[in-house]
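> after the sequence you'll find the predicted model.
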Amino acid sequence: MSKEEIYEMLRREAGGLMTEAEALLFPADAGEMSEEDFREGLRKAREKGDAYRRKAYELLDARTEAAAEEEAALLQLVRRHVHTDTGRVLIASGYYLEKEFRGEKAKEQKEIVLREWREVIDALQNGVFNEAHIDVRSQLKAAANASGVKVIFQSEIPAEAEDVRRYTKEAVAKIMAAVRAKEDSVVL
């Protein structure tokens, strides 16, 4: 199975969820949404994005179990992209929904969230991600910044893929805890 075939499978079997999220955030009428409508649309889009991620994991994991070693590595790479990118946009959305912004800050945060969603939706629809080494530190920093939290790195990012996944999961949990506690920084 090629990378293109993997993304086609995801579009066919789970892509409708991201299409629904796109329709909620980028309506065809293109009129300016009220803040209340935007927040409601973002809430629903976040649910769709989370459902997409769960469905994609299910599909990719099922294929990985039966795959040859080379294909399994490719499936895991796609899973990592889905995890990282949808996770980033879901964290940014959660931060926006938990806060009340005013004036220019509200407009700026809304544009950040919409830009993040557009990038993720486009990447998932096209299957085109940055194939260079994923910079976990930059991704975590971007997710934290989008959530209004500054990251202070005191540890090294692990080298092994399984350790990176564990580290990332723990880091995201710490970032979300900092957001909920209304802290302005987190130590990783």
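Looks like it arrived, so ask away.
> need the longest helix for this structure.
In the chain, with assignment by DSSP state H, the single longest helix is helix 35-66.
> what's the first helix or strand after that one?
Downstream of helix 35-66, the next assigned helix or strand under DSSP states H and E is helix 69-98.
> how far off helix 35-66 does that next one point, in degrees?
160 degrees (axes from the mean of the first three to the mean of the last three Cα atoms, to 10 degrees).
> in helix 69-98, what's buried?
For helix 69-98, the neighbour count (16 or more other Cβ atoms under 10 Å) marks 71, 74-96 as buried. Glycine gets a C-beta too; all of them are placed from N, C-alpha and C.
> check stretch 60-71 too.
L60, R63, T64, A67, E71.
> need the contact partners of that stretch.
Here stretch 60-71 makes contact (Cβ atoms under 8 Å, 6 or more residues apart in numbering) with M1, I6, M9, L10, A72, L75, Q76, V78, R79, V82.
> skipping its backbone neighbours, what lies nearest the first one in space?
Which is M1. Nearest non-adjacent residue to M1, counting by Cβ to Cβ, 6 or more residues apart in numbering: E71, 5.4 Å away.
> now for the worst-scoring helix or strand of the chain on mean pLDDT, which elements pack on it?
When each helix and strand of the chain is scored by mean pLDDT, DSSP states H and E, helix 136-146 comes last, with a mean of 79. For helix 136-146, the packing partners by 3 or more Cβ pairs under 8 Å, 6 or more residues apart in numbering; DSSP states H and E come out as helix 69-98, helix 103-126, strand 150-152, helix 161-180.
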